[in-house]
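Novice: quick one: sequence plus predicted model below, questions after.
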Amino acid sequence: MPRITGASIAEHVAAQEAAVVAAAQRLFAERGVAAVTLGDIAAEVGLGRTSLYRYFPTKGHILQVWFDREMDPLLARAEAVVAEHGATVEALHAWLDVQLDFVTDEAHGALVEASGAAAELSPEIVAHFGQRHRELYATLGGILEAGGARTPEQGRVRALLVAGLVRSSAELVASGVPAAVVRAELHRAASAVAGLG
């Protein structure tokens, strides 16, 4: 029986999962997702391949845990911004800043690249990614209501438009447009979409 390395089984499992995700991130960056097998990841961590399957049956499951580890603190920051500023244009701008900082971060770029290269994302994992993004954009709800979004559908449309502005802003920063210029225009455009500008 394998030795438990944590104070409890839960701690051991969490440590093993963290080690697997970290190893996968390194290997994906070095070789690309398609060239890395679960056996490669298991060897990197010092696990047998069948032991790894207990934690992660596919590379897609590793990507899901990696995604959640990135998304959880982002969601917490988004919620904190709204709680601190209320439903104001300042809250929207602070929320946008959190999002733009996240999507332009190198670690996020690595996750997006790995997810895009993974051929084995099951419909359940894709649905999970979508649900987590909906949770994130739901944090805009109060701000969008303050801007005049009167129906859930109108709020959803505005949230998706704001999401598109954030993605486009990240692409502009990546292409070399100064971040300060992009940020100012993002604030202006998103305020108009939200009905706050």
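Specialist: Cool, got the structure. Residues are numbered from 1 along each chain as shown.
Novice: drop to CA atoms for contacts and neighbour counts, all remaining ones
Specialist: Fine.
Novice: domains of the protein?
Specialist: 1-57, 59-194 (automatic domain parsing).
Novice: for the first one, what is the average pLDDT?
Specialist: This means domain 1-57. Averaging pLDDT along domain 1-57 yields 86.
Novice: what ranges does the chain have for its strands?
Specialist: In the chain, no strands are defined using DSSP state E.
Novice: report the contact partners of residue 74.
Specialist: If you count contacts by C-alpha atoms under 8 Å, 6 or more residues apart in numbering, residue 74 has them with 98, 99, 102, 136.
Novice: again, but for residue 117
Specialist: 32, 33, 34.
Novice: give me the pLDDT for it.
Specialist: On the pLDDT scale, residue 117 gets 72.
Novice: the protein: helices as residue ranges?
Specialist: Per DSSP state H, the chain carries helices over the ranges 9-31, 38-45, 49-55, 59-85, 89-103, 106-117, 123-138, 141-146, 152-174, 179-194.
Novice: for the first one, C-alpha coordinates in CSV please.
Specialist: Listed next in CSV are the C-alpha coordinates belonging to helix 9-31 (Å, rounded to 0.1, in the frame of the first residue of the first chain):
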residue,chain,number,x,y,z
ILE,A,9,-6.0,11.1,3.6
ALA,A,10,-7.6,14.3,2.3
GLU,A,11,-4.4,16.2,2.7
HIS,A,12,-2.5,13.4,1.0
VAL,A,13,-4.9,13.5,-2.0
ALA,A,14,-4.7,17.3,-2.2
ALA,A,15,-0.9,17.1,-2.2
GLN,A,16,-0.9,14.4,-4.9
GLU,A,17,-3.3,16.3,-7.0
ALA,A,18,-1.3,19.5,-6.7
ALA,A,19,1.9,17.6,-7.6
VAL,A,20,0.2,16.1,-10.7
VAL,A,21,-1.2,19.4,-11.9
ALA,A,22,2.2,21.1,-11.4
ALA,A,23,4.0,18.3,-13.3
ALA,A,24,1.5,18.5,-16.1
GLN,A,25,1.9,22.2,-16.4
ARG,A,26,5.7,21.8,-16.7
LEU,A,27,5.4,19.0,-19.2
PHE,A,28,2.7,20.7,-21.3
ALA,A,29,4.9,23.9,-21.5
GLU,A,30,7.9,21.8,-22.5
ARG,A,31,6.4,19.4,-25.0
